[in-house]
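Visitor: Pasting a predicted model and its sequence here:
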Amino acid sequence: LPDCGWIDCLLFAAGGVVRFDNKTVSRDLQSVYGNAQVSFNDYLYLDVSARNDWSSTLPAGNNSYFYPAGSLSVIFSNWMASASKWLSYGKVRASVAQIGSDTDPYRTEVAYNAAVLFGSNPYILRNPSLSNSKLKPERSNEIEAGVEVKFLQNRIGIDFTFYNRITNGLIMPLSVSNTSGYSSFLTNVGKSRNRGVELQLTGTPLQLEHFSWAIGINYAANRSILLALDIPNNPSIDRYILATERRRNSVSVAAIVGQPLFVLTGTDYTYLKGEKVVDANGFYVPSDKNQVIGYTQPDFVGGITNTFTYKGVVLSGLIDFQKGGNFFSYTNMYGFASGMLQETVANNIRENGIDVSGVLADGTATTTRLTAPRYFKNNFGTRLNKANLYDGSYMYLREVKLGYSLPGNWIQAIHAHKATLSLYGRNLWLISSSSPNVDPSNIINSDSNIIGIEGGALPSVRSFGINLNISF
């Protein structure tokens, strides 16, 4: 529309064709969007928006979904004249929104994978996931509230946000018997909640004529939980296995009602009055399978950025961190079992053996000395998944950058507005880690590609480079 005045209106259509793994994937999304904003005395703002999508990835009759949103914000610093000396900016905000989402293409009708060769003869395989012509869009309802304040001529800033999101009709692939000709069935199941806080602190501790030091701190904590599962024809099921590692079919990522998204299940130790139970051979006794052994969700994540400026030179550094969150490590499991890791030779244990202490099934205390091969093959992850479960906490010097703003006469010579030359380094130093032999921030870079399961992740790559940025 050429001009909507105080109401912004938009009608658009989006389509895409993506080439991935020798497959062509296409989708089409058509939308109508409208937005209105009302302000009062330059401190009270009300925004209302609404959108309707029509997606090609959902079946006819269920491919249209409408979702509105509204937000209210008050810039209270604009009418607090008495606080202007110490309060530079202050705003409180609150919003309510509904969000709709579709799914990936080719999930509502029978689909076939790209042709492959068997010798010189091509053949086509049917998609192992059974399609569902009754899929509905996922819908999320979210509330958010926050406050942003800046003090002492913007030298100190605080931005705090709280959010709560409820999602209904989660689209998930449910496992089915392979005798059906399929491995999974896609359907709408379950209800989940995500609740959390985000905090950003900024400050300029030092501000001189030619030198300044600025610091920024980000913190985020999210708590998710599966509230309900609605499995067709199986109302009593309280868990869904999202993925299972394919080597030994022992460790899985699961969604369990009442538990955080997502948990790790497998074999744990067997305990008797808090002590680990061992058998007559000195081997720990594993629990039944499918026990909850860990939680992939971290307690919190964040980062710290420091920026030092002296005339035209800028030096900045970023440290990011994570506290908590478990993962299962195949690097360590096979490394211990095969004797390839340094821990299997430490303290001359290959000559002296290892003492295993615990209790027998009747509660009698016992200690057995095992050779290193017997210990690492039987008391680690090949039998006991919990033995190779690790804490994903870490602190990383993620990036350091040194930049220089080119002199004004150089910039004028090329008719530019600004030009900066920078040297940078990334993934420079894993300062601390709670997991041996792997980078906990890089476990998704593995052939498992499953959250919470490290399947032989490649080592992190430290990189250096030079960057020239010119703006006109």
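Guide: Now that the structure is in, tell me what you want to look at.

Visitor: What are the neighbouring residues in contact with the residue nearest to residue 269 when sequence neighbours are not counted?
Guide: Among residues not flanking residue 269 along the chain, residue 276 sits closest, at 4.8 Å (C-beta to C-beta, 6 or more residues apart in numbering). Every residue, glycine included, has its C-beta placed from N, CA and C. Residue 276 makes contacts with 269-270, 284, 358-359, as judged by C-beta atoms under 8 Å, 6 or more residues apart in numbering.

Visitor: Quick check, pLDDT for residue 276.
Guide: Confidence at residue 276, expressed as pLDDT, is 95.

Visitor: Secondary structure element holding it?
Guide: strand 275-276 (DSSP states H and E).

Visitor: Output the below-cut-off pLDDT ranges for the stretch 351-472 of the chain.
Guide: Low-confidence regions of the stretch 351-472 of the chain, defined by pLDDT under 70, span residues 445-449.

Visitor: For it, which segments are assigned as helices?
Guide: For the stretch 351-472 of the chain, the helices defined by DSSP state H, counting those that start in this stretch cover 372-378, 408-413.

Visitor: Restrict the last one to CA atoms and write it as CSV.
Guide: Pointing back at helix 408-413 there. What follows is helix 408-413 as a C-alpha-only set of coordinates in CSV (Å, rounded to 0.1, in the frame of the first residue of the first chain):
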residue,chain,number,x,y,z
GLY,A,408,40.6,11.1,7.6
ASN,A,409,42.6,12.1,4.6
TRP,A,410,42.8,8.4,3.5
ILE,A,411,39.1,8.1,3.8
GLN,A,412,38.5,11.2,1.8
ALA,A,413,40.8,10.0,-0.9
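
Visitor: gap between it and the chain center?
Guide: Helix 408-413 has its C-alpha centroid displaced from the chain centroid by 44 Å (C-alpha atoms, centre = their mean, to the nearest Å).

Visitor: Quick check: neighbours of the strand holding residue 276 in the sheet, parallel or antiparallel?
Guide: In the sheet, strand 275-276 lines up against strand 271-272 (antiparallel) (DSSP bridges).

Visitor: which other residues reach the strand it pairs with?
Guide: When contacts are defined by C-beta under 8 Å, 6+ apart, strand 271-272 is touched by residues 277, 359, 361, 363.

Visitor: Quickly note the distance from residue 372 to residue 207.
Guide: To residue 207, residue 372 is 60 Å away according to C-beta to C-beta, to the nearest Å.

Visitor: Over to residue 221?
Guide: The value you get for residue 221 to residue 207, if C-beta to C-beta is used, is 31 Å.

Visitor: between the two, who's got more neighbours?
Guide: Legend: neighbour count by other C-beta atoms under 10 Å for residue 221 and residue 207, higher for residue 221 (17 against 12).

Visitor: any idea how far the more buried one lies from residue 46?
Guide: With distances taken as C-beta to C-beta, residue 221 is found 30 Å from residue 46.

Visitor: which helix in the protein runs the most residues?
Guide: With secondary structure taken from DSSP state H, the chain has its longest helix at helix 330-338.
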